[in-house]
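K.L.:
Let me see the structure of the following:
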Amino acid sequence: MPRNALWRLFLLFATFLLILGPTAHAQGPPTGWSLGAATVVSGKPYGDADYDVMPVPFIGYEGERFFFRGLGLGWRLPDAGPVSTELVARARMQSFRASDDPVLAGMDTRRRTAEGGVRFSTGPRWLRLEASVYQELLGRHDGQVLEARVSLPFPAGQWIVIPSVGVDWQSADMTAYYYGVRDGEATGERPAYSPGASLNRTVGLGLRYRGGERAGVIVQVNREFFGGTLRDSPIVEGGGRWSGIVGFSWRL
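P.N.:
Purely as a prediction, here's the structure:
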């Protein structure tokens, strides 16, 4: 899909959020500091490459405007009707090394990075709509990501279950970095390949513990289903990748 068409799709979705009506935002999280620990899992769709499993300390802060949650931070802009707007930055944990799998032998390392952008969200407690646009910040690939999500939170005892579906558009610069093969990396069995921009489908399932005033537990699992241009990459095996996080926090 052409880049201009994707920008129009994103703007259309954002406009829909703005005119959705006074369904109101869900109440925000309690303010203050939180401490804890989490494990981040990032899938690698390259042959039999193992998952990246990374334990990380969790340090969180929720203020009236500023918030910091583990691998992401942001600033809430003043409310504009039913829509919440946040300026955000986050880590992208995706990476690979040549030693991860024989299909990657001789290739340069692809590194984790950081992304910054803007996120719009709206909806009642039982339906959340979200649209985001991100720019890569560290010069790894200078690519962009557009995301749209619909989630349906519902209570189950002391937990909140949050299934979601969505789409991600990844620019050609980003897909070339994580799924492409450069001219200098090509071999007889691994031709040079540049995927171009890709539109991927996503599904997710989140669990949030709400049984106590201070303790918090988060479990999130996501599956990304690649568009055809990524599935055709000579280093990709399988139709997508998994990612997830398990964490515990205690509000001070």
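K.L.:
tell me, what residue is most central in this protein?
P.N.:
Per Cα atoms, centre = their mean, the C-alpha nearest to the average position across the chain is that of residue 92, at 7.4 Å.
K.L.:
tally of neighbours for the residue nearest to that one when sequence neighbours are not counted?
P.N.:
What sits nearest to residue 92 in space, not counting adjacent residues and going by Cβ to Cβ, 6 or more residues apart in numbering, is residue 113, at 5.1 Å. No exception for glycine: its C-beta is placed from N, CA and C like everyone else's. Per other Cβ atoms under 10 Å, the neighbour tally for residue 113 reads 21.
K.L.:
Kindly report the same for residue 158.
P.N.:
Look at residue 158: counted by other Cβ under 10 Å, it has 11 neighbours.
K.L.:
now it: how far from residue 120?
P.N.:
Distance from residue 158 to residue 120, counting by Cβ to Cβ, to the nearest Å: 30 Å.
K.L.:
just residue 99 next, same as before
P.N.:
Distance of residue 99 to residue 120, computed by Cβ to Cβ: 40 Å.
K.L.:
try residue 174
P.N.:
According to Cβ to Cβ, residue 174 stands 21 Å off from residue 120.
K.L.:
Tell me where the protein is predicted with low confidence.
P.N.:
Applying pLDDT under 70 to the chain flags residues 1-30, 211.
K.L.:
switch the cut-off to 80
P.N.:
Residue ranges of the chain with pLDDT under 80: 1-31, 79-81, 210-213.
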